[in-house]
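Novice: mind looking at a prediction? Sequence and model below.
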Amino acid sequence: MARSLDLDELVEHWTLLDDERVLIAGKRGPTRLGFALLLKFYIWVGRFPRGRGELPNEAVEFVARQVGVEPAELGLYEWSGRTIEYHRAQIRSHLGFRECTVADAEQLTRWLATAVCEAERRSELVRDELLVRCRTERIEPPTAGRIDRIVRSALHQAEQALTARIAARLPVDVAGRLRSLVAVDVPDDDTGEESVLVLIKSVPGNVSLESMLTEIRKLRAARAIGLPGDLFADVAPRVLAGWRARAMVESPSHLRDHPEPLTLTLLAALLHSRLLEITDALVELLISTVHRIGARADRKVTEELVNAFKRVTGKENLLFAIAEASLGRPDDAVREVVFPAVSGGEQTLRELVHEFKTKGPVYRRTVQTTLKASYSNHYRRGLIELLDVLEFRSNNATYRPVLDALDLIRRHVDARTTYYPAGETVPTHKGVLGDWTTLVFKDEGKAGRRGVRRSVYEICTFQALREQLRCKEIWVVSADKWRDPDQDLPHDFEARRDAHYAALRKPLDPTAFIDQLRTEMRDELAALDTSLPKLAWLQIADRGKNGPIKLTDLDAAPEPQNLRRLKSEVRTRWGTVPLIDMLKEAVLRTGRLAGVTGTAGRGDLAAEVLAERLLLAIYAYGTNTGIRAVAGNGVLGHGEEDIRYVRRRYLSAEVARTIATEIANATFAARAQTVWGAGSTAVASDSTHFGAFDQNIFTEWHSRYGGRGVLIYWHVERKSMAIHSQLITCTASEVAAMVEGAMRHGTTMEVEGNYVDSHGQSEVGFGITRLLGFDLLPRIKRINKVRLYRPAAGEPDAYRRLAPALTRPIRWDVIAEQYDQMIKYATAIRAGTASTEAILRRFTRANAQHPTYQAMIEVGRAQRTVFVARYLRDRDLQREINEGLNVVESWNRANSVIFYGKGGDIATNRRDEQELSVLCLRVLQAALVYVNTLMVQDVLADDEWAGALTDADRRGLTPLFWTHVAPYGEVKLDMSSRLTLATDQRGRS
């Protein structure tokens, strides 16, 4: 069915113009109406409708009124025959279009191959470009089947041209080494230890010396092939990613069977991508290993000292008693004078000395000594070998001493001496200062020459390297995530500055930006100051350690009375619905499975067989039960190997993400405003902890959850539909994940606000969201201690009632100076030249001296002041944020119901498998919400439910419920059976 149209769309696209009225002047009745609709549809879409079903009912009625014909007469219009052909010819002539000839098709194919398909391999997007080109050239689009053939031909021609170009760039010896990778068959399950191809494909293990050495061996094996560095310089990243994915799933025999240019290109793309990924993995192993050395040393010493620790009380009295006894009998033995003067005698004094050692500088020195031993005896081998395969650089001269220190370590890697030799220049950097100085440096000999302990200097240098890598002040050559930070920024920023500012809706003049932000601060602070005496829930006063702000909790909202009855009605009408049927219904209604193509190109599976196996694979991953548990089910009885083949060749993370996005869009389109209210522009985001296998570098221990695992970061809108999900490590920035989801969700929803809990907000978060143009709306855990910044200096008497919570003025001069740089970083996030995490990694406390970081912090402080001032006085905003976050908490509760297999733990060490599990879980929950939305609307459309819901019911109404759903038990998939659902309120079936 055609989608519903609003009045603005009808007026814009379906209003007959004067010249069009002349064209239909001689026609009557059904012919007049049919011709007018053909004409307006052609102008709107660029082709003729294939039948009555493509014409929106609203459009038919709108045009019928203009031509003076009853809408029902359209049923008498003939959609085939001489009359409609004559009408089409008239319309083409009037609009200057022509039918697509064989020559046109060939020309369109060549244009697509050269201008589109070399940068875009997704057939649906290539098809869209073809339709746009037809309209530009005023060619009537050919039939759907012919369009498919043109698209396939263009993709094939582009692939041939691209692969031939890439293969021609390969030196003869490199091409030979690439062929040798697939000269012998290796298993698809990555078990062939002697195969270089399997080694390169394998994923990194957990954080350990063994993993580090394996990754180093892998990197050397990949580099030994000798790929030219600029081999893929002019290849689009998406095309390269497609080749990599294809090479990952194809066996050596399949790769050998391709034409040689394609074989060489696929292997080279795999190798090129894995070089970047392995380099990134080594950097992450370096960062994690250095952290682990320090953490283990600290824990070991703490355990040893805490076991004997006892707090000694009354130290002043002890000191007085000892002093008095010593002065009274100065010549007698300590044991006879001092010990009896102290309660507890010698044991008390021993405990006192031990407490000092535990809490004083001795403790730190003990930790440092233990750390040095751990490094020297175990980890040094791997870290030193890393210096052979990784090249570190910096764009900031401040960090040159760390790089010089690494060069020094390399030069003396095989030395047997404790100290660096006399005359050697030893760079001094931040890592060797402070507590480490006494261990690193030692005065030797009568001349007082200062010696530098080599092993201690090495670990200090690695610690300094770790800190600067994390904020990208030091970067790694031939890496991706850890590459030169200048590559993360848009290269056309200077040339297209005006366009980039306009895209962010920011003024070019920093003064205008500052004035607007400062005015908002003044307005919100003044409003809070004025209304404070009337706010019964808020107090601002000097309260010592408790902080100046006291905010009373929200009152409990009234309980919905009819929602339980509504859910019972749903169960009565449809019974207990298997979760697999909800998934089937959602994907069949959205039609997304029809567009799934194989990673390795076209497959030979029948569409209905592929669809059923895809659904079983999605269900297996989304419930965490595994493919073996669902194999043999369904009408066609698919075996385990059949489903695994489809999973490997067809079900990628990108496919699962697209399916979830399409279900979300279908849900938004199907919602009846009378039931769910107006669409929201705000989402809530939060993370969920999932246990996971730990023989990989992604799974981490999380103290808050008390176990090893990963986090899934969700973005869920107010009516319980997830628009984005991410798999992140436990130590990843939730602020970066929040921004990434708000900017990259890919659905039709416009995100203008984001509710988060305390972990999803920070001053940098407030700053970057202000620049990106959406509101950060957090629930701040310790809001009692939040400080409000002043909008200007020299106004000590302003906002007197807020004085206990006020602090210094915002440094607007810093913002003005770095305004252009901040816009450049915000543009990088908006344009996707780098991930949000890569951009925000530069803005951490470890890099507090970065001028753009300081400016971003000031913007964030100003924006947080605006938010907090509004939040404190606006009870509705407090309730809105609280309810939004409750929605994402409900989504998290549904995880345990759906993702129940294997105890809810992600039972794999492969990052791609973990990500696919998360995305399939999102698909299942999205399908549940979509089908429940339609079911609830069907129930509420009945007369007996008209007006039954109270305001409290509508506030609590959600499609995320599962009392009528059967997620467990035998999986019986029958594609021929469908749920009986009426069309929604706007005619979509």
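Specialist: Perfect, thanks for sending it. What you see is a predicted model, and the numbers here were worked out from it, not measured in a lab.

Novice: hey, where'd the helices end up in the stretch 601-750 of the chain?
Specialist: 607-623, 627-630, 640-649, 653-670, 673-676, 734-744 (DSSP state H, counting those that start in this stretch).

Novice: will you turn these into JSON lines that also has mean pLDDT?
Specialist: Formatted as JSON lines, these follow (pLDDT from 0 to 100):
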{"stretch": "helix 607-623", "mean pLDDT": "92"}
{"stretch": "helix 627-630", "mean pLDDT": "90"}
{"stretch": "helix 640-649", "mean pLDDT": "91"}
{"stretch": "helix 653-670", "mean pLDDT": "92"}
{"stretch": "helix 673-676", "mean pLDDT": "88"}
{"stretch": "helix 734-744", "mean pLDDT": "94"}
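
Novice: centre of the chain to the helix or strand hosting residue 880, how far?
Specialist: Element membership for residue 880, per DSSP states H and E: helix 875-898. Chain-centre distance of helix 875-898: 20 Å, with CA atoms, centre = their mean, to the nearest Å.

Novice: tell me the contacts of the residue nearest to residue 219 when sequence neighbours are not counted?
Specialist: Nearest residue to residue 219 in three dimensions, chain neighbours excluded: residue 278, at 4.8 Å (CB to CB, 6 or more residues apart in numbering). All C-beta atoms are positioned from the backbone trio N, CA, C, and that covers glycine. Contacts for residue 278 (CB atoms under 8 Å, 6 or more residues apart in numbering) come out as 204, 215, 218-219, 222.

Novice: for the helices of the stretch 601-750 of the chain, could you give me a markdown table that also reports mean neighbour count and distance to residue 883?
Specialist: Converted to a markdown table, the helices of the stretch 601-750 of the chain look like this (neighbours: other CB atoms under 10 Å; distance: least, CB to CB, whole Å):
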| stretch | mean neighbour count | distance to residue 883 |
| --- | --- | --- |
| helix 607-623 | 23 | 27 |
| helix 627-630 | 18 | 37 |
| helix 640-649 | 19 | 38 |
| helix 653-670 | 22 | 19 |
| helix 673-676 | 15 | 14 |
| helix 734-744 | 24 | 18 |
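
Novice: now do the same for the helix or strand hosting residue 437: mean pLDDT, whole number.
Specialist: In this assignment (DSSP H and E), residue 437 forms part of helix 437-440. Across helix 437-440, the average pLDDT comes to 80.

Novice: equivalent analysis for stretch 844-864, please.
Specialist: 89.

Novice: do the same with stretch 879-892
Specialist: 92.

Novice: quick one: buried residues of it?
Specialist: 880-881, 883-885, 887-888, 891-892 (16 or more other CB atoms under 10 Å).

Novice: return the residues in contact with residue 207.
Specialist: Contacts of residue 207 (CB under 8 Å, 6+ apart): 285, 288-289, 292, 697.

Novice: which pLDDT value belongs to residue 269?
Specialist: The predicted structure scores residue 269 at 95 on the pLDDT scale.

Novice: OK, contacts around it?
Specialist: 232, 240, 243-244, 247.

Novice: quick one: which of those is the most crowded by neighbours?
Specialist: residue 247 (27 neighbours; other CB atoms under 10 Å).

Novice: and the next helix or strand past the helix or strand harbouring it?
Specialist: Element membership for residue 247, per DSSP H and E: helix 237-249. Downstream of helix 237-249, the next assigned helix or strand under DSSP H and E is helix 252-257.

Novice: just give the nearest non-adjacent residue to residue 375, would you?
Specialist: That would be residue 459: by CB to CB, 6+ apart, it lies 4.6 Å from residue 375.

Novice: state the pLDDT value of that neighbour.
Specialist: At residue 459, the model reports a pLDDT of 87.

Novice: got the CA positions of the helix or strand hosting it in PDB?
Specialist: In the assignment (DSSP H and E), residue 459 maps to helix 454-470. The C-alpha trace of helix 454-470 is given here as PDB (Å, rounded to 0.1, in the frame of the first residue of the first chain):
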ATOM      1  CA  ARG A 454      67.900   1.300  32.900                       C
ATOM      2  CA  SER A 455      65.000  -1.000  33.900                       C
ATOM      3  CA  VAL A 456      63.300   1.600  36.000                       C
ATOM      4  CA  TYR A 457      63.700   4.200  33.300                       C
ATOM      5  CA  GLU A 458      62.100   1.800  30.800                       C
ATOM      6  CA  ILE A 459      59.000   1.200  32.800                       C
ATOM      7  CA  CYS A 460      58.600   4.900  33.500                       C
ATOM      8  CA  THR A 461      58.900   5.600  29.800                       C
ATOM      9  CA  PHE A 462      56.300   3.000  28.900                       C
ATOM     10  CA  GLN A 463      53.900   4.500  31.500                       C
ATOM     11  CA  ALA A 464      54.400   7.900  30.000                       C
ATOM     12  CA  LEU A 465      53.900   6.500  26.500                       C
ATOM     13  CA  ARG A 466      50.600   4.900  27.600                       C
ATOM     14  CA  GLU A 467      49.300   8.200  28.900                       C
ATOM     15  CA  GLN A 468      50.100  10.100  25.700                       C
ATOM     16  CA  LEU A 469      48.800   7.400  23.400                       C
ATOM     17  CA  ARG A 470      45.500   7.400  25.200                       C
END
